[in-house]
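Participant: Got a predicted structure plus its sequence, pasted below:
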Amino acid sequence: MPPVRVGTRRSTLATTQSGHVAEMIRQRLGREAVLVEVTTDGDRSQAASTSLVGSSSTGVFVSALRDALLRGEVDVAVHSLKDVPTYPAEGIVVAAVPLREDPRDVVVARDGLTLGELPVGSVVGTGSPRRAAQLHALGLGLEVVGVRGNVDTRIGKVRSGDYDAVVLARAGLSRIDRLAEVTEVLDPLQVLPAPGQGALAVECRADDELATALAVLEDVPTRAAVDAERAVLATLEGGCSAPIGALAEVVEGEDEEELWVRAVALSPDGTLSVRMSATGSPADAVGVGTRLGAEMLADGAGQLGQPGPAATTEADKVREA
């Protein structure tokens, strides 16, 4: 039986993630697996020094891998789930979502500082509109600027003194053994991560027998959590251009497991936000997320796409969904 060809971007983080999936295929499917490098448009654009703020970045790292999958050049594609568009891709299925890494954001700052310890006016880099809006909302007087590039490039901006700090995903640093450089792990109560952050999407062609076989890589609670987060995102994307954060988890309830979801939509400058939460059954993850997103739209999330006045309005609600 030929080896399973696992498509990956060429970055250190991407090849590490794909290597992890390849090892899972070897162990759980009993199949040999090899990595096949594919260059994406997102990789080619990383040389730019601007951020993704204001650009159409959704799926920029995904399309080339999917094209290689459909052409039969690879059998499996591995993505960071937060990069995967919420709409389906014809002929492709997410066959598995393995156990998730810690989804929180982290700070890498000069002199071992936390965000709260940085002086007013400190320069903090991020390529994410979601992170930028939530950093502004903290009211710490930080100058939030754009940054692109891989982990080395971003942390290098701090080491060189160009920036005082950068904000990154903890999961990525964990996977490449760089957690020692983290100076603060951000509480989701302050900064909610991107929907799907920390999770991997293992895709294959819908007509491939691997679509069924790869189910052994699945972590059921992780799938329920990210399905809910992505349902919130998909619903809000239908009527909202605001930065969005969401985090869900499956917890033990009194009689059975429960799904908890928190989400926020913000104006780009962080001065306005709609923040809500919901609970429901893990078996109804998509429904819970969809209803939560709809309630956020009804509460004004669709009007947050442009900077608002210097006042914060939040709706903090927990409901049964």
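Facilitator: Alright, I've got the coordinates.

Participant: CA atoms for contacts and neighbours, from now on please.
Facilitator: Will do.

Participant: Val216 against Arg28, yeah?
Facilitator: Yes - assessed by C-alpha atoms under 8 Å, Val216 is found in contact with Arg28 at 6.7 Å.

Participant: Which secondary structure elements does whichever strand or helix holds Glu295 sit against?
Facilitator: Glu295 is part of helix 285-298, with elements assigned from DSSP states H and E. With contacts taken as 3 or more C-alpha pairs under 8 Å, 6 or more residues apart in numbering; DSSP states H and E, helix 285-298 sits against helix 220-237, strand 273-280.

Participant: can I get those in JSON lines with distance to Ala109 and mean pLDDT?
Facilitator: Output for the helices and strands packed on helix 285-298, formatted as JSON lines (distance: least, C-alpha to C-alpha, whole Å; pLDDT from 0 to 100):
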{"stretch": "helix 220-237", "distance to Ala109": "29", "mean pLDDT": "96"}
{"stretch": "strand 273-280", "distance to Ala109": "27", "mean pLDDT": "97"}
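
Participant: deepest of the ones you listed, which one?
Facilitator: Among these, helix 220-237 has the highest mean neighbour count (mean count of other C-alpha atoms under 10 Å), at a mean of 24.

Participant: could you say what helices and strands that one packs with?
Facilitator: Applying 3+ C-alpha pairs under 8 Å, 6+ apart, one finds that helix 220-237 makes contact with strand 244-252, strand 257-266, helix 285-298.

Participant: Break this structure down into its structural domains.
Facilitator: Domains of the chain are assigned by automatic domain parsing as 4-99+199-218, 105-185, 224-320.

Participant: Any idea which of the ones you listed gets closest to Pro193?
Facilitator: Set against Pro193 and scored by C-alpha to C-alpha, these come closest in domain 224-320, at 5.3 Å.

Participant: and the angle for the helix holding Glu295 with strand 273-280?
Facilitator: 150 degrees (axes from the mean of the first three to the mean of the last three C-alpha atoms, to 10 degrees).

Participant: Go through helix 285-298 and flag the buried ones.
Facilitator: Residues of helix 285-298 classed as buried: 285-297 (neighbour count, 16 or more other C-alpha atoms under 10 Å).

Participant: With pLDDT as added columns, please give those residues in TSV.
Facilitator: Below are these laid out as TSV (pLDDT from 0 to 100):
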residue	pLDDT
Ala285	98
Val286	98
Gly287	98
Val288	98
Gly289	98
Thr290	97
Arg291	98
Leu292	98
Gly293	97
Ala294	97
Glu295	97
Met296	96
Leu297	95
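
Participant: sorry, back to before: deepest in the core, which of the domains of the chain is it.
Facilitator: domain 224-320 comes out most buried of these by mean count of other C-alpha under 10 Å, with a mean of 21.

Participant: rewinding a little: CSV please, covering the helices and strands packed on helix 285-298 and showing distance to Leu69.
Facilitator: Shown next, in CSV, are these (distance: least, C-alpha to C-alpha, whole Å):
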stretch, distance to Leu69
helix 220-237, 22
strand 273-280, 35
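
Participant: May I see the helices and strands packed on helix 220-237 organised as JSON lines, with distance to Ala95 added?
Facilitator: Listed next are the helices and strands packed on helix 220-237 as JSON lines, based on distance: least, C-alpha to C-alpha, whole Å:
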{"stretch": "strand 244-252", "distance to Ala95": "20"}
{"stretch": "strand 257-266", "distance to Ala95": "22"}
{"stretch": "helix 285-298", "distance to Ala95": "17"}
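
Participant: quick one, which of the ones you listed is nearest to Ile176?
Facilitator: That would be, of the helices and strands packed on helix 220-237 and by C-alpha to C-alpha, strand 244-252, which comes in at 23.0 Å.

Participant: List the contacts of the closest one.
Facilitator: 130, 188, 191-196, 221-222, 224-226, 228-229, 232-233, 257-266, 282 (C-alpha atoms under 8 Å, 6 or more residues apart in numbering).

Participant: what helix or strand does Leu65 sit in?
Facilitator: Residue-wise, Leu65 maps onto helix 63-70 under DSSP H and E.

Participant: other SSEs contacting that helix?
Facilitator: Helix 63-70 packs on strand 4-8, strand 76-80, strand 200-205, going by 3+ C-alpha pairs under 8 Å, 6+ apart.

Participant: what's the angle from the helix holding Glu295 to helix 220-237?
Facilitator: 30 degrees.
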